[in-house]
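1. The amino acid sequence is not available; the structure is as follows:
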């Protein structure tokens, strides 16, 4: 647990949040762990079974401090807000930015820049762990991505085109990062609807898990998932969640899939083919992937912008918070997450 970007994140099960004067007191097993003056906070995010006292909840409502409740796996349950207009103003700022061609384009460029940088990071890391022609192909692909310059694009369509070209180059060598079970996990290119081989099936499922994490992060921060900047508006589609996950795909979902295959945690027997030709995970394999995803979310990383150690699972929430600050014009540009080194 800790305070990041004026948000108190509570991730320890069976924690109690209490009111003492104008201060939030955090207790675990009746032992005080943290005290935070309420005027330092804009919101509180509770993951898992967290008790919030009625007195503290009323204090937060009176002072415009929103409280978001998520399941232990990060699924959004609800958000409590008072009669102040903080949440409404943020959504109004979001709508204005969505409709403003230049502001929307600037955010879209940042997202795609972040995605390409993270794809290069994954390729370079894989190249260092490879040998011979495989290492050369991965290094060449990473250098090719360095040439992509979404910041020079002048329209959303051009930015999306740059993203698509970079993705094609990245997935062209994705199979070179599979070092074990190569015969059973052959890569023939990205296939989405439906996936027709085990690797594409794994990627689609990992992306769905990441999308749900990003959706929860946006909802927990009071943003409307429908109005995006990179993805065009489409009724019923959580475009902003798709935006937020774009630059996290390589670091979170792709690396999860490669780890499961290369460590032989996932086997060919963990898949089944439907009559339509689609490939699906078995129920037990789904549980294994979800469990591995949750374990990775508990691992820690030093956030490059904040300089603090946080669980991986909080990264989408920090990204949503930074996006909210950008929309409120507290920051000039949205800084997409990119690991140091």
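-> That came in fine, so what should we check first? Given the structure is predicted, the values throughout are model-derived calculations rather than measurements.

2. In which helix or strand does residue 124 reside?
-> In this assignment (DSSP states H and E), residue 124 forms part of helix 101-128.

3. Would you mark the buried spots in that helix?
-> Using 16 or more other C-beta atoms under 10 Å as the test for burial, helix 101-128 gives 103-127. No exception for glycine: its C-beta is placed from N, CA and C like everyone else's.

4. right, and the helix or strand after it?
-> Toward the C-terminus, helix 101-128 is succeeded by helix 132-146 as the next helix or strand (DSSP H and E).

5. Just give me how far that following helix sits from the chain centre.
-> 26 Å (C-alpha atoms, centre = their mean, to the nearest Å).

6. For it, buried residues please.
-> Going by neighbour count (16+ other C-beta under 10 Å), the buried part of helix 132-146 is 134, 137, 138, 139, 141, 142, 144, 145.

7. Next, format these as TSV and append pLDDT.
-> Converted to TSV, the buried residues of helix 132-146 look like this (pLDDT from 0 to 100):
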residue	pLDDT
134	94
137	96
138	96
139	96
141	96
142	95
144	94
145	94
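
8. Show me the shaky parts of the stretch 101-250 of the chain.
-> The model of the stretch 101-250 of the chain has no residue with pLDDT under 70.

9. Let me see the domain layout of the protein.
-> Here the domain parsing of the chain from automatic domain parsing is 2-84, 91-327.

10. wait, residue 180 sits on residue 260?
-> No. With contact defined as C-beta atoms under 8 Å, residue 180 does not reach residue 260; the gap is 10.3 Å.

11. higher neighbour count, those two?
-> Higher neighbour count among residue 180 and residue 260: residue 260, with 21 against 11, using other C-beta atoms under 10 Å.

12. my guess is residue 3 is in a strand, correct?
-> Yes. Counting by DSSP: H, G, I helix; E, B strand; the rest coil, residue 3 is found in a strand.

13. which ones are touching it?
-> Residues in contact with residue 3 (C-beta atoms under 8 Å, 6 or more residues apart in numbering) are 9, 36, 40, 41.

14. and the gap between it and residue 306?
-> Distance, residue 3 to residue 306, by C-beta to C-beta, to the nearest Å: 11 Å.

15. ok, the stretch of helix or strand residue 8 belongs to: who's next to it in the sheet?
-> Assigned by DSSP H and E, residue 8 belongs to strand 7-10. Using DSSP bridges, strand 7-10 pairs in its sheet with strand 2-4 (antiparallel), strand 43-47 (parallel).

16. And the contacts of the longest one?
-> Think strand 43-47. Contact with strand 43-47 is made by 6-11, 17, 24, 52, 60, 65-72, 74, 220-222, 313, 317, as judged by C-beta under 8 Å, 6+ apart.

17. Just the buried subset of these, please.
-> Taking 16+ other C-beta under 10 Å as the criterion, what is buried in the contacts of strand 43-47 is 7-11, 17, 24, 52, 60, 65-70, 74, 220-222, 313, 317.

18. Buried residues in stretch 248-264, which are they?
-> Neighbour-count burial for stretch 248-264 flags 248-258, 260-262 (criterion: 16+ other C-beta under 10 Å).

19. want to try CSV for the residues you listed, with secondary structure and distance to residue 240 as columns?
-> Shown next, in CSV, are these (DSSP: H, G, I helix; E, B strand; the rest coil; distance: C-beta to C-beta, whole Å):
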residue, secondary structure, distance to residue 240
248, coil, 13
249, helix, 15
250, helix, 19
251, helix, 19
252, helix, 17
253, helix, 18
254, helix, 21
255, helix, 23
256, helix, 22
257, helix, 24
258, helix, 27
260, helix, 28
261, helix, 31
262, helix, 33
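
20. ok, so of those, who is nearest residue 338?
-> When the buried residues of stretch 248-264 are compared for distance to residue 338 (C-beta to C-beta), residue 251 wins out at 8.5 Å.

21. buried residues in stretch 299-319?
-> For stretch 299-319, a neighbour-count test (16+ other C-beta under 10 Å) marks 301, 303, 310, 311, 312, 313, 314, 315, 316, 317, 318, 319 as buried.
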